[in-house]
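S.K.: Need a 3D model of the following:
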Amino acid sequence: MPVTATHLTSGGGQNPAATSFATASISPSANKLVVVCVHSHDNAGGDPSTPTISGASMTWTQIVTKRGTSDNAHRITLFRALSASPGSGALTINFSTTQNEVLWSILEFSTINPGGTNGANAIVQSATNASSSTGTSGSVTLSAFSNSANATFGFIIVQQTSGQIIEGSGFTEINEYLSFDNIHTEYKQTNDTGVDWTWTNSSHWLAAALELKIKSGGNFLGLL
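M.R.: Predicted coordinates:
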């Protein structure tokens, strides 16, 4: 069986500014990788602080964080967790400084390698990229994959308040959430070193991509 993705919830919090934001309740499955994608924005133009996460009786470990380049009041941060006996409930996203705008998307992946601490062995590599100017497309480049059966995941925030983000060729949209900005997640059950998107309105963007390691014995089409 290949790696599969499930959308658990998405949401966002905007003014009044706060240092803590709560998601909707989630009920993660045992031994599946849960990935939380967070976009934070400091309207005052300061450095959007890197968040931490708690909740659902799981330990949340940062995978990667990236501050915007041309518009550095934005940041994305990805977290992972995996448990043989997860709890349920809302997650709390905490910041050390006040944030005016926060968006999140929470996904669950099955048929991944469950080894390591908090799903460490499920993620082989990560990469990020950010726009240097406005545009209608964006991409993240991953290194060559370690296994032809491993899957590809991508997360992007586009600073548009209308329009649609279109997944890259061969990718499947997991979810899209549009509020004051637009976030989108996509994945492919096979390798793709060029994780990409297109959209409607010329905008700044910030993105991350992951290589997800398939569970031993979870190969398909004889790839392992």
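S.K.: Point to the residue nearest the middle of this structure.
M.R.: The centroid of the chain falls nearest to C37 when counting by Cα atoms, centre = their mean (3.5 Å).
S.K.: any idea how far that residue lies from A149?
M.R.: For C37, the distance to A149 (Cβ to Cβ, to the nearest Å) stands at 24 Å. Heads up, the C-betas are built off the backbone N, CA and C, glycines and all.
S.K.: Same question for K213.
M.R.: The value you get for K213 to A149, if Cβ to Cβ is used, is 9 Å.
S.K.: Just list whatever residues bridge to the residue nearest to the centre of the chain.
M.R.: Per DSSP bridges, the residues bridged to C37 are L78, S105.
S.K.: Could you check which of K213 and A149 has the larger neighbour count?
M.R.: K213 (26 against 21; other Cβ atoms under 10 Å).
S.K.: I'd guessed that one sits against I123; true?
M.R.: Yes - shown here, K213 and I123 form a contact pair, counting by Cβ atoms under 8 Å, at 6.9 Å.
S.K.: In stretch 132-148, which residues are buried?
M.R.: Buried residues in stretch 132-148, counted by 16 or more other Cβ atoms under 10 Å: T136, G138, S139, V140, L142, F145.
S.K.: first to last residue in it, what's the distance?
M.R.: 32 Å (Cα to Cα, to the nearest Å).
S.K.: Tell me which residues are up against that stretch.
M.R.: The contact list for stretch 132-148 (Cβ atoms under 8 Å, 6 or more residues apart in numbering) reads 69-70, 124-125, 127-129, 131, 152, 154, 156, 158, 168, 190-205, 207-209, 211, 213-214, 223-224.
S.K.: Would you mind measuring from S146 to G168?
M.R.: 21 Å.
S.K.: ugh, typo on my part, it should be V3
M.R.: 17 Å.
S.K.: Looking only at neighbour counts, state which of these two leads.
M.R.: Counted by other Cβ under 10 Å, V3 and G168 do not tie: V3 has more neighbours, with 26 against 19.
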